[in-house]
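Visitor: Quick one: sequence and predicted model below, then my questions.
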Amino acid sequence: MCVAETSLNAIDRLLAIEQIRRLKARYFRCVDTKDWEGFGALFLPDARFDISADLPGGVFEGVTSIVRVASEGLRGAVSVHLGHSPEIDVTSERAAEAIWAMEDRVLWDDSAAAPLRSLHGFGHYHETYERREQRWQISSLRLTRLRVDLVHK
C-alpha cells in the first residue's frame, strides 16, 4: 500500500475513511450474526474473495459465490471476528485500499459438517474498495494469516 495523491480535500478524505471503517464494521457484524443478505450487500457484484490462507484454492469471484462459501463455512458455528488498526488509503474519489489486523474465533457445534471443533486465528485483511452510487463496497478481499490454532473433531 502506498499513500497516493488525490484531488480530495482533507474533509472528504476523512469522510471516505470513516465510511470504509463503518463498511468493515458491518462486515464483521453481518458475518457473526449470519446476516447473509447484509453481508452480500457489502461487496461489488464482481468482487474477488481470496481465503486461500484458510482453504487451499479458496479464491471466489462474484458476490453469490462469496456469500455461499462464507455461509457454508460458518454453518453450525458461533463466530467472533475483530478488526484492528486499519491502514486506509483513499487513492481517488472512487477507490481506496486498506490493511486490517484481524483476529477470529470460530466454534462449530456437533451438527456442523466442518472437520474442526474450533479455530482461533490472527492475520490481516488486504482489501480494495470502490465507491459506486455514493456508497463504498468491497471490490477485493485477501486474508493472510500469521497464526491459526485449530482443534479437530
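Guide: That came in fine, so what should we check first?
Visitor: What ranges does the chain have for its strands?
Guide: Counting by DSSP state E, the chain has strands at residues 43-50, 59-61, 77-92, 95-108, 116-132, 135-152.
Visitor: quick one: the longest helix anywhere in the chain to strand 43-50, angle?
Guide: The residue-count maximum for a helix in the chain (DSSP state H) belongs to helix 10-33. Helix 10-33 runs at 70 degrees relative to strand 43-50, counting by axes from the mean of the first three to the mean of the last three Cα atoms, to 10 degrees.
Visitor: average model confidence for helix 10-33?
Guide: Averaged across helix 10-33, the pLDDT comes to 98.
Visitor: try stretch 112-129
Guide: For stretch 112-129, the mean per-residue pLDDT is 95.
Visitor: Kindly report the same for stretch 62-80.
Guide: Stretch 62-80 comes out at a mean pLDDT of 97.
Visitor: before we move on, back to that, list the buried residues of the longest helix of the chain.
Guide: 13, 16-17, 19-21, 23-24, 27-28, 30-32 (16 or more other Cβ atoms under 10 Å). Heads up, the C-betas are built off the backbone N, CA and C, glycines and all.
Visitor: could the residues you listed be laid out in JSON lines, adding distance to Ala47?
Guide: Shown next, in JSON lines, are the buried residues of helix 10-33 (distance: Cβ to Cβ, whole Å):
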{"residue": "Arg13", "distance to Ala47": "23"}
{"residue": "Ala16", "distance to Ala47": "18"}
{"residue": "Ile17", "distance to Ala47": "20"}
{"residue": "Gln19", "distance to Ala47": "17"}
{"residue": "Ile20", "distance to Ala47": "15"}
{"residue": "Arg21", "distance to Ala47": "19"}
{"residue": "Leu23", "distance to Ala47": "12"}
{"residue": "Lys24", "distance to Ala47": "14"}
{"residue": "Tyr27", "distance to Ala47": "12"}
{"residue": "Phe28", "distance to Ala47": "17"}
{"residue": "Cys30", "distance to Ala47": "14"}
{"residue": "Val31", "distance to Ala47": "15"}
{"residue": "Asp32", "distance to Ala47": "20"}
